[in-house]
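Peer 1: here is a sequence with its predicted model. Questions after.
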Amino acid sequence: LYFHHYLANRFISLMFNLLYNQTLTDIECCYKMFTREVKDRLRLTCDDFGCEIQLSAQIARARRLRIYEVGISYYGRTYDEGKKIGWRHGMK
(Lines give C-alpha, C1' and ligand atoms only; values in the text may rest on other atoms or scores of the structure.)
Protein backbone atom coordinates (compact mmCIF):
# COMPACT_ATOMS: atom_id res chain seq x y z
CA LEU A 1 0.00 0.00 0.00
CA TYR A 2 1.44 3.33 -1.02
CA PHE A 3 1.82 5.83 1.82
CA HIS A 4 -0.42 8.46 0.18
CA HIS A 5 -3.12 5.80 -0.35
CA TYR A 6 -2.80 4.83 3.31
CA LEU A 7 -3.22 8.45 4.43
CA ALA A 8 -6.17 9.04 2.10
CA ASN A 9 -7.88 5.86 3.29
CA ARG A 10 -7.37 6.84 6.93
CA PHE A 11 -8.83 10.30 6.22
CA ILE A 12 -11.85 8.91 4.36
CA SER A 13 -12.45 6.38 7.16
CA LEU A 14 -12.20 9.13 9.79
CA MET A 15 -14.71 11.34 7.95
CA PHE A 16 -17.10 8.41 7.51
CA ASN A 17 -16.83 7.52 11.20
CA LEU A 18 -17.54 11.09 12.26
CA LEU A 19 -20.52 11.46 9.91
CA TYR A 20 -22.11 8.09 10.70
CA ASN A 21 -20.99 7.52 14.31
CA GLN A 22 -19.01 4.39 13.44
CA THR A 23 -15.61 2.98 14.42
CA LEU A 24 -14.46 1.40 11.15
CA THR A 25 -10.73 1.17 10.49
CA ASP A 26 -10.83 0.68 6.69
CA ILE A 27 -13.96 1.91 4.92
CA GLU A 28 -12.46 1.13 1.49
CA CYS A 29 -11.75 -2.53 2.27
CA CYS A 30 -14.02 -3.91 -0.51
CA TYR A 31 -14.75 -7.09 1.45
CA LYS A 32 -18.35 -6.86 2.60
CA MET A 33 -20.73 -9.59 3.68
CA PHE A 34 -24.41 -9.23 4.51
CA THR A 35 -27.66 -11.13 4.27
CA ARG A 36 -29.92 -11.08 1.25
CA GLU A 37 -32.46 -9.14 3.31
CA VAL A 38 -29.93 -6.34 3.78
CA LYS A 39 -28.93 -6.47 0.10
CA ASP A 40 -32.56 -6.08 -0.94
CA ARG A 41 -32.87 -2.94 1.22
CA LEU A 42 -29.91 -1.21 -0.46
CA ARG A 43 -30.49 1.34 -3.22
CA LEU A 44 -27.10 1.77 -4.85
CA THR A 45 -26.75 4.34 -7.62
CA CYS A 46 -23.05 3.90 -8.34
CA ASP A 47 -21.00 1.61 -10.55
CA ASP A 48 -17.45 2.32 -9.40
CA PHE A 49 -15.35 2.40 -6.23
CA GLY A 50 -17.75 4.96 -4.76
CA CYS A 51 -20.08 2.07 -4.00
CA GLU A 52 -17.92 1.25 -0.97
CA ILE A 53 -18.95 4.44 0.77
CA GLN A 54 -22.54 4.42 -0.46
CA LEU A 55 -23.11 0.83 0.62
CA SER A 56 -21.57 1.36 4.06
CA ALA A 57 -23.46 4.64 4.56
CA GLN A 58 -26.82 3.05 3.79
CA ILE A 59 -26.15 0.22 6.22
CA ALA A 60 -24.90 2.64 8.91
CA ARG A 61 -28.09 4.73 8.57
CA ALA A 62 -30.43 1.73 8.59
CA ARG A 63 -32.26 0.92 11.78
CA ARG A 64 -31.44 -2.33 13.56
CA LEU A 65 -28.31 -2.95 11.45
CA ARG A 66 -24.81 -2.91 12.86
CA ILE A 67 -21.49 -3.06 11.04
CA TYR A 68 -18.84 -5.43 12.38
CA GLU A 69 -15.23 -5.68 11.24
CA VAL A 70 -13.21 -8.85 10.87
CA GLY A 71 -9.46 -8.73 10.30
CA ILE A 72 -8.06 -9.81 6.93
CA SER A 73 -4.61 -10.06 5.36
CA TYR A 74 -4.00 -7.70 2.47
CA TYR A 75 -1.06 -7.29 0.14
CA GLY A 76 -1.71 -4.37 -2.20
CA ARG A 77 -0.71 -4.42 -5.85
CA THR A 78 1.65 -1.93 -7.40
CA TYR A 79 0.72 0.07 -10.47
CA ASP A 80 2.97 -2.25 -12.50
CA GLU A 81 0.98 -5.23 -11.22
CA GLY A 82 -2.31 -3.69 -12.29
CA LYS A 83 -3.41 -1.31 -9.53
CA LYS A 84 -6.14 0.75 -11.16
CA ILE A 85 -7.42 3.04 -8.41
CA GLY A 86 -5.95 6.47 -7.94
CA TRP A 87 -6.53 9.53 -5.78
CA ARG A 88 -9.40 10.71 -7.99
CA HIS A 89 -11.47 7.71 -6.93
CA GLY A 90 -11.27 8.82 -3.31
CA MET A 91 -12.51 12.31 -4.16
CA LYS A 92 -15.78 11.23 -5.80
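Peer 2: Ah, there it is.
Peer 1: what is the helix or strand hosting Ile53 packed up against?
Peer 2: Secondary structure from DSSP states H and E places Ile53 in helix 51-61. Counting contacts by 3 or more CB pairs under 8 Å, 6 or more residues apart in numbering; DSSP states H and E, helix 51-61 is packed against helix 3-20. (C-beta placed from N, C-alpha, C; glycine too.)
Peer 1: now the helix it packs on: average pLDDT?
Peer 2: Regarding helix 3-20, the rounded mean pLDDT is 91.
Peer 1: buried ones in it, by neighbour count?
Peer 2: By neighbour count, with 16 or more other CB atoms under 10 Å as the criterion, the buried positions of helix 3-20 are 5, 8-9, 12-13, 16, 20.
Peer 1: format those residues as JSON lines; extra columns: distance to Arg61.
Peer 2: Shown next, in JSON lines, are those (distance: CB to CB, whole Å):
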{"residue": "His5", "distance to Arg61": "27"}
{"residue": "Ala8", "distance to Arg61": "24"}
{"residue": "Asn9", "distance to Arg61": "22"}
{"residue": "Ile12", "distance to Arg61": "17"}
{"residue": "Ser13", "distance to Arg61": "17"}
{"residue": "Phe16", "distance to Arg61": "12"}
{"residue": "Tyr20", "distance to Arg61": "7"}
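Peer 1: of the residues you listed, closest to Ser73?
Peer 2: Nearest to Ser73 out of these is Asn9 (CB to CB; 16.3 Å).
Peer 1: per-residue confidence at the nearest residue to that closest one once chain neighbours are set aside?
Peer 2: In this structure, Asn9 finds its nearest non-sequential neighbour in Glu28, 5.3 Å apart by CB to CB, 6 or more residues apart in numbering. Glu28 is assigned a predicted lDDT (pLDDT) of 84.
Peer 1: now Glu28: how far from Asp40?
Peer 2: 24 Å (CB to CB, to the nearest Å).
Peer 1: those two - which one has more neighbours?
Peer 2: Per other CB atoms under 10 Å, whichever of Glu28 and Asp40 has more neighbours is Glu28, with 18 against 8.
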